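Asker: Here is a sequence with its predicted model. Questions after.
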Amino acid sequence: MIRGGPSWASPLALSPARRGRRRGIRPGRASCGQEPSRQPGEEAAKEAAGERSPQPGRQLGVAPDSRPLRVLIADDHVGTRRWVREALEREGIVVCGEAASAEASVDTALRERPDVCLLDINMPGNGIKAAKEISTRLPATAVVMLTVSILEEDISDSIRAGASGYLLKGMDPAKLADALRAVRSGQSVLPEDPERPGS
């Protein structure tokens, strides 16, 4: 497996890299979901100033991203684009565009500015080149490769090009949406065992 790169996780058991890390309570601060003690009259003063107390279990300044995930699918096989679209739309994900080549995927990404670009490696023009250009020109867009290749060279080249995920076309379609949502949340995903033939 690749060393020295980002931490990768399986679509089945996504890495808890950014989940539920507990922090010690520092003096004068409250932990997540725990309100600090207040002096008498402090609440009334804050309400008079138009400030509201945080609701239990919620953090100030943190709003969950409830927008539907927008995905671009780029693959030169119509059948692949069809099953990927169907799998994603069943899970409430918006497919904002399709492309059949690296050049078209870059043009469509620049126009649509999706949350995630799902790219085939072996489409005309080379998906890894497209991944590099999209990652450079649209840093807010995550790139995930969807391919049949289990070559470590392809995985390494994809990571260097800026891809946040590397998935195999033989994966369970029901797990695809969760893998892409994990990528949008800042995680990286790999197949369960990319070095095992037939996975």
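Answerer: Cool, the structure landed.

Asker: Point out where this structure drops to low pLDDT.
Answerer: When residues are selected by pLDDT under 70, those of the chain lie in 1-65, 192-199.

Asker: which helices and strands sit right next to the lengthiest helix in the chain?
Answerer: Longest among the helix segments of the chain by residue count, using DSSP state H, is helix 78-90. In terms of contact count using 3 or more C-beta pairs under 8 Å, 6 or more residues apart in numbering; DSSP states H and E, helix 78-90 is assigned the packing partners strand 70-74, strand 94-99, helix 176-184. Placement of C-beta: from N, CA and C, glycine included.

Asker: Show residues contacting that helix.
Answerer: Residues lying outside helix 78-90 but in contact with it, judged by C-beta atoms under 8 Å, 6 or more residues apart in numbering, are 71, 73, 75, 95, 98, 100, 118, 120, 146, 169, 173-174, 176-177, 180.

Asker: Please produce a PyMOL select command covering the buried subset of these.
Answerer: Burial among these is assessed by 16 or more other C-beta atoms under 10 Å; the matching PyMOL selection reads:
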select buried, resi 71+73+75+95+98+100+118+120+146+176+177+180
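
Asker: Closest to Ile159 out of the contacts of helix 78-90?
Answerer: Minimum distance to Ile159 across the contacts of helix 78-90 is 14.9 Å, recorded for Leu146 (C-beta to C-beta).

Asker: quick one: that closest one and Asn122 touch, right?
Answerer: No: the pair formed by Leu146 and Asn122 falls short of the contact definition of C-beta atoms under 8 Å, at 10.9 Å.

Asker: how about the helices in the protein?
Answerer: 42-48, 78-90, 102-112, 127-137, 152-160, 176-184.

Asker: in the third one, what counts as buried?
Answerer: Same thing as helix 102-112. Applying 16+ other C-beta under 10 Å to helix 102-112 flags 102-106, 108-109 as buried.

Asker: Now do it: which elements does it pack against?
Answerer: Using 3+ C-beta pairs under 8 Å, 6+ apart as the contact criterion, the neighbours of helix 102-112 among helices and strands are strand 70-74, strand 94-99, strand 116-119, helix 127-137.

Asker: what's next to it, contact-wise?
Answerer: By C-beta under 8 Å, 6+ apart, the residues outside helix 102-112 that reach it are 70, 72, 74, 96-99, 117, 119, 123-127, 129-130, 133-134, 137-138, 141.

Asker: Repeat the analysis, applying 7 Å as the threshold.
Answerer: By C-beta atoms under 7 Å, 6 or more residues apart in numbering, the list of residues contacting helix 102-112 from outside reads 72, 74, 96-97, 99, 117, 119, 123-127, 129-130, 133-134, 137-138, 141.

Asker: Beta-bridge partners for the residue lying closest to Pro191 once chain neighbours are set aside, please?
Answerer: Among residues not flanking Pro191 along the chain, Leu168 sits closest, at 4.9 Å (C-beta to C-beta, 6 or more residues apart in numbering). With DSSP bridges applied, Leu168 shows beta-bridge pairing to Thr147.
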